[in-house]
Every structure is written in structure tokens, then in C-alpha cells.
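> Predicted model, plus sequence, below.
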Amino acid sequence: MTIIDKPADVPAPRAGDDFDGPLLEVRDLHVEFHTRDGIAKAVNGVNYTVNAGETLAVLGESGSGKSVTAQAIMGILDMPPGRIPKGEIFFRGEDMLRMSGEERRKIRGRKIAMIFQDALSSLNPVLSVGYQLGEMFRVHQGLSKKDAKLKAIELMDRVRIPAAKERVGDYPHQFSGGMRQRIMIAMALALEPELIIADEPTTALDVTVQAQVMDLLAELQREYNMGLILITHDLGVVADVADKIAVMYAGRIVETAPVHELYKRPAHPYTRGLLDSIPRLDQKGQELYAIKGLPPNLTRIPSGCAFNPRCPKAQDICRTEVPALLPVTERDGSELAGRGSACHFWKETIHG
Amino acid sequence: MAELSKAGEPQDALDATPNVTDVEVVDAHSDAEAVAAIEAPVERGEPILQVRNLVKHFPLTQGILFKRQIGAVKAVDGVSFDLYQGETLGIVGESGCGKSTVAKLLMTLEKATAGEVFYKGQDITKLSGRALKAVRRNIQMVFQDPYTSLNPRMTVGDIIGEPFDIHPDVAPKGDRRRKVQELLDVVGLNPEYINRYPHQFSGGQRQRIGIARGLALNPEIIICDEPVSALDVSVQAQVINLMEKLQDEFNLSYIFIAHDLSIVRHISDRVGVMYLGKMAEIGTDEQIYDHPTHPYTQALLSAVPVPDPEAREGRERIILTGDVPSPANPPSGCRFRTRCWKAQDKCATEVPLLAVPERFAGQDAPAAHESACHFAEEKDVVHAA
Amino acid sequence: MPEKTAEKAEKTVANDLAQGTAAVAAESGPTPAKARSLWSDAWHDLRRNPLFLVSAVLILLLVVMAAAPGLFTSASPRDADLAKHYLQHPNWGNFFAPDWLGYDGQGRSIYARIVYGARASILVGVGVTVLVAVLGTAVGMTAGYFGGWLDSMLSRVTDVFMAIPYLLGALVVLTTFEVRTVWVVMLAMAFLGWTTIARVARGSVITVKQADYVVAAKALGASTTRIMLKHILPNALAPIIVVATIALGGYIAAEATLSFLGVGLAEPTVSWGVDVSAGREQLRNAPYVLIIPSVMVSITVLSFLMFGDAVRNALDPKLR
């Protein structure tokens, strides 16, 4: 599970039905956008894998490339202005970037589904919720109108929408924010996909509802043994549900770790800075730690480590050499499973 | 619209206002007297803004030609609190609890349906003309969305300088450019940016511009409506630190409205928790966070995701069922009862008043603070057991 | 769902990108970022749009033609020489000479009439657009900003005017005038044509007035005039400009139509519409008498449409 920056000599996984490799593997993915101000390098060599039944949280701020990566996986990048100059995305061992449009469409929605932040604008306001849920079955499985409606009710029950039978004919605006997000989840689940990508699924919701929705998502994932990519900027949300976390900064993964490890002992100064800059609920703090400066301009990413202008540990080497994502080890050299850091000084960061 | 509150809601639903001090009303008979009262200084620790039974109902109408009122959204339904000079009062609650409407009412951007807002003894809901303009000078606002709160067609210099155009007596014309540059410097932006446009800045920088505009007139109170919720985590901390620094430097009082409970704790001296247009609980940050007595506060606090898996494992999580009811048709009695695990018959019939619960009355314990619950009891949900 | 998802995601990409580049100009980087207003950004885009360049050159040519026809031809459009009756065919090789495009039924140089006719078209087009934009914006802004009964009233008035079929209305209004100068035609057309802009302006103002910066200005105690002129108008203007430039071509076409029908401009005013109308009589023997001014109308209308399109692309906030 250790993610190494340059997997060049690893043979491409074998495809097929009896495929036992990772569900999804992203390799050296690059995405750029042509803008008025030049080429914005949104994703610069991302590698990650997701297995069935596993939750990967991708954590990053706006402009970190976390959503763009997900959109590249879904195949819904706006191209142009977007472009994928390099990289592979293997789904069950097959490179989706080399597939025909038709083949990709078959995967999208059926094998890989996506949940968005804003449920209201993702649902069609003039069609009833039941119709939209049923549509999935009518289009993909050729069910009759009546059967599709029954399926829709079943799905609404699954995501615990109270009185599903009575509400199946209601329109999206008649539901509250939390309920709409449940409907989105139901829609994503409809065809029992193998992988779900959730892009900030609870950001627009209230705290008391956030917990409900996250719990539901985690439970359904276990039940269906799906892979889940959870994209978020909220360090708090991921703590509960994720198995492993990838922290992104300026289009690169700067740290990967199992959840508990990351919070306990961050191995990258950016992660450490993020953790320190969150105020605590259980104690009144002094002045907040703040990472100085601003996220970089994607058209002019600093040379060397992209974080170097904001980093308290930066040395000359950080300004010239791009740090590779290397495995992180204990002080005595013993391996720490699943941990990696793209920092020249990860040893100093994690061990003291 | 005043009849509305009588028709729609029995008067006993209003708070008995025990959490507040007496208002020394200033009877101004002319604009000049009012302005004089507004400009008088307030001692540190004295109340500067006193809100009494504030009500805002938005009428719901039906029909195109002959509009007929069919009900009202009770956005704010009898809220009372004091703001003391130099302190930060945090107001937290979920969407639809009325916290943003409170901000608009305090800014006199909306007309209150009933109730009063006393600023130095003057009821600002009834002011107009010169006196109102003087109040507006002293109460400023910082908005949530740094992308829509700055006019995209104006330069930063024009945006921060606009307060001086509207209140020309604050800064003489020749002095304005220098003042604007000073303000940019105060909020940590390069004064040379004066001729740039908002879209050339990032979210955090724009929020600094918004703060600079709020500071321009040297106000006494700044109302911050979710000032950091649109910002990235790493930038949030910068803006929060800036706001704390400015509070000390300019002797400001803040009303800090937010849904993020951790940030509110960090910045606030006192905190009020709102639910469906009413104040559920109010007290110092320690009283609210470490000794909450209202079940809603407890649920809210326990739901906050803590970025520390180990600390949260020992915590009790209360997951509320259902959603916030519609403010157009709030539950009878206690508004929280539909989602409360303690609810009993009494809760459906009797509106709990915001007062120190009887069982804690007279005690010197931190649990003895105002809480609008019939069955208030202390419960620590923040710290690991 | 895939389709829907894709749509949504496109938006997200745009957002993400916008956020990613938001910090762009502002910080980091040695390049001295200059002040860049949204208008100057639009201008920057426009200059690189071939559609804009082509249409701008054409429009510039037409405007110069309208302002100083003497630069293009020495012949007078009113000099009739029956000896050069309309069977005098165009002399295609003889560029810019009076006989280049031949002569019409009364022996007048078609080329000269084309050159001089530009003035009426441009004048009516630009004049109507300006009148319509001012009137429509004023009505739309008042209705949109103040809302309530004022909005209801103004919107109903707009609806009433909108319900009048444009050409029929213009026909009726214009037939009541004995003498129909350019000014009369212009006023009549503007009188009936302001409704579209009023609606666009109203919608645009309603959107803008909810923006936080307008609330911020109110909170500062800004006067209504100040809010309208400083905050609302500049931000509501873009769609109005777009609709107005695109409509300009339409007004030129409408003027030609009205003149053709005999209720717009009339002799002795030199106008392409008048010429098209006259060319009808000898369509079989001398089709060019009709075709040449028609083509001019089309080119002009097309230029303004393309111009409007280019302006819309540059100003459309969704693309930035």
C-alpha cells in the first residue's frame, strides 16, 4: 500500500474478471488547464490506490487538485481547457484514459459513481425524486415504470428517508439539505457501483446532520464492500470514517498515512501546520498557529518543494529539488505501513 | 406587521430577559441630542449594545393580485442579549436558526417586527436620518463571502475609501488615499495594492479588504457574519489572528456569528446558542463548552468532528434524529422538543424561558447560567471521558 | 445520472480552476501584477477574438462611410441622369468609380447611393439603440431596484408594449406622420423597442442588488443614488450592453424593412431600404439594383451581430 512517487518499473496490472489487484490505481497523473494567465498545473503526478471496502480520504485546500483528480477519474473533466498530458488511471487493471468514450460511459455511474457537495443543484428541480431515482433503473436495467418506482422507494428506505412511500413523488426542493444529500447517495448507490467518489459530501450541511450523513455513507460502504474516495478540506470529517489519508498540496500528494498515525505524528510540515491551525473545541487556546503566506499560484508553482515559501523548515535544498514521496520509517528504520512523506526533512518533522 | 406577533404567538413566548442588565434609556428629543448620545464613549465592560425581545417575522403571502398573508417565517422570535464594550459575543447555531437575521437587524438592514436594540441607550430600530447615520458609522459588518462582498468593478482603494465618501467628516479629501493605505497596512496587505481589483486577490486577502472597509470609520462594534467559513483552513487562522489583534488595537466589540463551534470558542468571551429563532443557552465560553446544560448545545457540541481520532473515541456522541423544523411552523412549547431525547409532555405545552435553571439557582457553579430548558442538567460532551 | 453528473462536474472544474487561479495575480511571483479591471480583462479578450476584429473593421468602415461619404465617392447620390438609365449594368472592374455598381432606374450611381445610404442605416441603428438602452435601463433599474408596486406597475407597462407586434406597431405609428425624417423613424422605433432591454435590466438589477457589496454599501449608510450609480449600474451593465449591440443589427434591418414597406424613410432621404424598394420594379431586367443594397443591409446587420457576439463572449461572467 505504500505509495511511491515513481512507479515506473512496476508492470501494468493484469486485467480481467479474476483481477485481484487494487480496485482503482492512479499513476503519475498530471492535469493542466489553459487559462488566460498561462498553464495552470492543477495535478502534478498523483499516485494512489483504493481497494474494495477501503476508504481513502483526499485532504486538501482549494486549488490543491483534489477535486480535479476525482474528475479525471470520473472522466468528467472539462477538456478543453483541461488536458491530461501524462498518467494512467487503472480501474480493475484497465487504463480508463485509453478507453473509448463508450466504454467509459459504461463505467461511469454503473461502476464508479460520484456524490457532490451541492445536492440541490445536482438534482433536477422539475422532476420528482422518485422519477430521478427510477430513471437509473429504467435506463440502465430496462425496468418498467412501476418496478422502477418500487426500486426507488426501496433505495429511499435504504438511505433512511422517513416515509419513503409517501415522499417518492416529492420534488427536490421539498426536502431538507440533509435529506437531499441522502437522495444523492441513493442515486449513487442505485446501480451498486464498486467505487464511490464523494466530493465534499457534508460541507454544505449542518453539524448535527453532517454526522448522520457520514455515518450512513460509512455504513453503506461496509455493507456493499465498496471503495470510497472521500474528498474534503475538513480534517475533522475524515477522522471518523477514513482508513488512510492522502494530503494534497499544489497538485501533489505530500503525505500519506493511516488516519490515526497522521493526526498523532504528521510527517510533513504542511500537515502539521494544518493540524495546528485548527482551534480546539475542548480548550481555550492562545493565539492560533497560522501557516504564513498563501497557497501557490498554479501557473507559477514555486521551484523545488511547492510548500517551501510557507514552510518553517525550508532550507536551500527545498528551493531547488522536488522531494519525492518516500516511505516514512520509525527512528530505528523499521517500516511504518502505509506512510509516506514528500519532504526532504520528514525525519525531523516526525521524530522531533 | 406588529399585529402579527400578537396574532401568531402568545406574548408569554417572549423571554423574561433575565440574562441582561437594565437598559438606561436615553430620551433624545432631537437629532442632535441623539447624535451626542451616540458619540459618547462607553467604559470597558459596560454594555454597549442591548437587545430586548427582538422579533423578525417574514410574512408568507399567497396570491398575485391580492396578496393575502397565510403565515410568517419566524426567523427571530424574541431574542435578548447584551454586548459589553471590548468583548466578543459568539452566536452559534445551524442554518435557519436566525443568527444571520439577527446580524441584519442589528445593522438595521432589516426592520424589526418587534423588540428593541439599544445602542448606548438609544433604540436604533426607531432612529432615522442623522442619528441613524451616526449609528451606522459606529456599527460595521464583515461579511461571509469574500467573493461577493466586494464590488468587482471598483478598485481596492475605492472600496476601502467608500466609507469616507459616505461620511466625509471622518477624513478630509486630501487625506483619504493615505488613510486607505494605512488601513491596508493594518490588515496586512501591501499598501501598493491600492489600485488593484478584488478578483486579483485570493479569498483570504479579500476578507482582509472587507475587514479594512469595516475598520475605516473607526467603529465601536463589528458584526462578523461567518467571516472565515468561506476560507481555507490555513488562511482561516491568519484571519482569526488578525481580528483578535485588531480588537485589542482598536478597542472593538465583536458579535461573531458562526456555525463552527471550535472557532467561536477560540475567539469569544461569551457565547449564545440559537435554535429556531430563539436563544437556547447563553454564557461564558467555559460555561457553554465545558458545562453545557441545554440538550441542544450538548448535541451540537458532541457532533463537532474533532480532528483527533483518539480524543474523540472517549467522547460521547449524541446523534440527533431528523432535521430542523421549518421556522414557518415551529413546534409548540420548546422548539427543540421534536429532536430532544429528554422531551416530555411539559415541553410541548410550556415554552421554557431563558433563565438560570432553578436547580442551579444561587449556586456559584459554572452550570449556573441561562439555559432555556425545563430539564436542564450538566453534561460534558467535549472532553474525553 | 452520468449526464447530470458530468454537467455538474464541469461547473465544479470551472470553480476549482477559478479558485486555483484566484490567488494568481495577487500574490507570489515576481511579475509586477498591474491593476486589471473586469472591463480591461474583457478588452484583453476582445482584442484576441478574430470575430471581433473582422466585425470591428467592417463597422468602422461603415461608420466612416456614414460620417464622411465624400471620402468614398465623388458622385452625388441624387444626380439623376436618365441617359444612364438602369439598364446601364455594373462595371465590376471599375472599382470605386460611380459606374462600379451600375445605375438605378433614375440613372443614379448605385455606388454613390450605397455610400450615402450608410448614414441613414447607421444613424437609425445607433440612435435607436442609444434611446432604447437609456429608456430601457432607466425603467428596468427602477422596477428592479425598488420592487413592490412600482415594479408591478412598470412591468405591466412593459408587458403592454411587448404585446404590440413590433412591425405592425411601427407601421401604425409611422403612418400617422406625414413627413418621416430619420429622427421620426428613430423615435418611433425606440418608442416600441425598449421593452427587451427593460426586462434584461430589471433581471440584472435584481440579481446584483442581492450581492453582499450592495448590502455592505447600505450598511455604511450610502444613499440610494450612490448605490444605484456606483454599485448596481456598473455591475448590471454587461448584459444590457450585450443585448443592445446584438439588437443594433436588428434595428438596421427593421429600418430597411419599414422603408421597403414605404412607411419608413422615403425619398429624398437616401437609404438602403428605399433603394431595395425601388429596385423591386425592375427585378427581372436589373436584379443588381435590388440585390446590392440588400447585400449591404445584410453585411451591416451581420457585422453588428458578430460584434455583439464577441462582446458577449468577453463580458459573460460565466466564462471568467
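It's in.
> ok, the closest residue in space to A:Asp282 that isn't next to it in sequence - contacts?
Closest residue to A:Asp282 apart from its sequence neighbours, by Cβ to Cβ, 6 or more residues apart in numbering or on different chains: B:Val382 at 4.6 Å. Quick note: C-beta positions are derived from backbone N, CA and C, even for glycine. Going by Cβ atoms under 8 Å, 6 or more residues apart in numbering or on different chains, B:Val382 touches A:Leu281, A:Asp282, B:Tyr289, B:Asp290, B:Leu301, B:Ser302, B:Arg315.
> Quick check: the residue of the stretch 1-150 of chain A nearest chain B.
Proximity of the stretch 1-150 of chain A to chain B (Cβ to the nearest Cβ) peaks at A:Glu61, 4.0 Å away.
> oh sorry, the question was meant for chain A
Nearest to chain B in chain A, going by Cβ to the nearest Cβ, is A:Gly236, at a distance of 3.0 Å.
> so where does the residue most central in space within chain C fall, helix or strand?
For chain C, C:Leu248 is the residue whose C-alpha lies nearest the centre (Cα atoms, centre = their mean; 1.9 Å). C:Leu248 belongs to helix C:233-261 when assigned by DSSP states H and E.
> and if you look at B:Ile257?
Residue-wise, B:Ile257 maps onto strand B:253-258 under DSSP H and E.
> partners of that strand, with directions?
Here strand B:253-258 is paired, per DSSP bridges, with strand B:88-92 (parallel), strand B:221-225 (parallel).
> taking those strands together, which one is wrapped up most tightly?
strand B:88-92 (a mean of 26; mean count of other Cβ atoms under 10 Å in any protein chain shown).
> which other residues reach it?
Against strand B:88-92 from outside (Cβ under 8 Å, 6+ apart): B:81, B:83, B:99, B:102, B:247, B:253-259, B:261, B:264-265, B:267-274, B:285, B:300.
> next helix or strand past it?
Where DSSP H and E defines the elements, the next helix or strand beyond strand B:88-92 is helix B:99-106.
> Counting by contacts, list what the next helix-or-strand element following that following helix packs against.
Elements were assigned by DSSP H and E; along the chain past helix B:99-106, the next helix or strand is strand B:114-119. Where contact means 3 or more Cβ pairs under 8 Å, 6 or more residues apart in numbering or on different chains; DSSP states H and E, strand B:114-119 is packed against strand B:47-62.
> Name the residues of the stretch 101-250 of chain B found near chain A, please.
Counting by Cβ under 8 Å from any Cβ of the partner chain, the stretch 101-250 of chain B comes close to chain A at B:202-205, B:232-238, B:240-241, B:244.
> May I ask which helix or strand of chain A has the lowest mean pLDDT?
Of all helical and strand segments in chain A, the minimum by mean pLDDT, DSSP states H and E falls on helix A:119-122, at a mean of 74.
> Okay, buried residues for that helix please.
For helix A:119-122, burial by neighbour count (16 or more other Cβ atoms under 10 Å in any protein chain shown) applies to A:Ala119, A:Ser122.
> helix or strand for B:Gly161, which one?
Assigned by DSSP H and E, B:Gly161 falls in helix B:156-166.
> Can you name the residues in contact with that helix?
For helix B:156-166, using Cβ under 8 Å, 6+ apart, the contacting residues are B:150-151, B:154, B:170-171, B:176-177, B:179-180, B:183-184, B:193-198, B:201, B:209, B:212-213, B:216-217, C:217, C:220-223, C:226, C:230.
> Generate a ChimeraX selection restricted to the buried subset of those residues.
Only the buried entries of these go into this ChimeraX selection, using 16+ other Cβ under 10 Å:
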select /B:150,151,154,170,171,176,179,180,183,184,193,194,196,197,198,201,209,212,213,216,217 /C:217,220,221,222,226,230
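> Among the contacts of helix B:156-166, which lie within helices?
Those of the contacts of helix B:156-166 mapping onto helices are B:Arg176, B:Arg177, B:Lys179, B:Val180, B:Leu183, B:Leu184, B:Ile209, B:Ala212, B:Arg213, C:Ala217, C:Arg226, per DSSP state H.
> Mind telling me which residue is nearest the centre of chain A?
Short answer for chain A (Cα atoms, centre = their mean): A:Ile231, at 3.3 Å.
> Strands of the stretch 251-385 of chain B, residue ranges please.
For the stretch 251-385 of chain B, the strands defined by DSSP state E, counting those that start in this stretch occupy B:253-258, B:270-275, B:278-284.
> circling back: show me which pair in the ones in helices among the contacts of helix B:156-166 is furthest apart.
B:Leu184 and C:Arg226 (22.8 Å; Cβ to Cβ).
> gap between the strand holding B:Ile257 and the chain center?
Here strand B:253-258 is found 5 Å from its chain centre; the criterion is Cα atoms, centre = their mean, to the nearest Å.
> which residues touch that strand?
Residues from elsewhere that reach strand B:253-258 (Cβ under 8 Å, 6+ apart): B:48-49, B:83-92, B:99-100, B:102-103, B:106, B:220-229, B:243, B:247, B:264, B:267-268.
> returning to what we had before: my hunch is that the residue nearest to the centre of chain A is in a strand, does that hold up?
Yes - membership of A:Ile231 in a strand is supported by DSSP: H, G, I helix; E, B strand; the rest coil.
> Check what pLDDT it gets.
Per-residue confidence (pLDDT) for A:Ile231: 91.
> And the residue of chain B closest to chain A?
Proximity of chain B to chain A (Cβ to the nearest Cβ) peaks at B:Pro305, 3.0 Å away.
> Could you tell me which helix of the chain is the longest one?
In the absence of a named chain, this looks at chain A. Max-length helix for chain A by DSSP H is helix A:207-224.
> sorry, should have said chain C
helix C:110-146.
> give me phi/psi at A:Glu32?
The phi/psi pair for A:Glu32 (degrees, to the nearest 10) reads phi -130, psi 160.
> That one: what's it in contact with?
A:Ile39, A:Ala40, A:Lys41, A:Ala42, A:Val43, A:Gly82, A:Arg83, A:Pro85.
> Residue of the stretch 151-300 of chain C closest to chain A, please.
The minimum distance from the stretch 151-300 of chain C to chain A, using Cβ to the nearest Cβ, falls at C:Thr207 (16.5 Å).
> what about that residue, neighbour count?
C:Thr207: 14 surrounding residues under other Cβ atoms under 10 Å in any protein chain shown.
> mind pulling up the phi and psi values for it?
phi -60, psi -50.
> For it, which non-adjacent residue is spatially closest?
C:Ala236 (7.7 Å).
> Enumerate every residue touching that neighbour.
C:Ala236 touches C:Met141, C:Gly144, C:Ala201, C:Ser204, C:Val205, C:Thr207, C:Val208, counting by Cβ under 8 Å, 6+ apart.
> rerun that using 10 Å as the cut-off
C:137, C:140-141, C:144-145, C:200-209, C:228 (Cβ atoms under 10 Å, 6 or more residues apart in numbering or on different chains).
> Highest neighbour count among those?
Ranking the contacts of C:Ala236 using other Cβ under 10 Å puts C:Gly140 first, with 29 neighbours.
> Hmm, it is touching C:Trp194, no?
Yes - when contacts are counted by Cβ atoms under 10 Å, C:Gly140 is listed as touching C:Trp194 (8.9 Å).
> joint contacts of these two?
In contact with both C:Gly140 and C:Trp194: C:Thr158, C:Ala201, using Cβ under 10 Å, 6+ apart.
> how many neighbours does the closest residue to B:Gly90 other than its chain neighbours have?
Distances taken as Cβ to Cβ, 6+ apart place B:Ser268 nearest to B:Gly90, at 3.3 Å, with adjacent residues excluded. Counted with other Cβ under 10 Å, the neighbours of B:Ser268 add up to 24.
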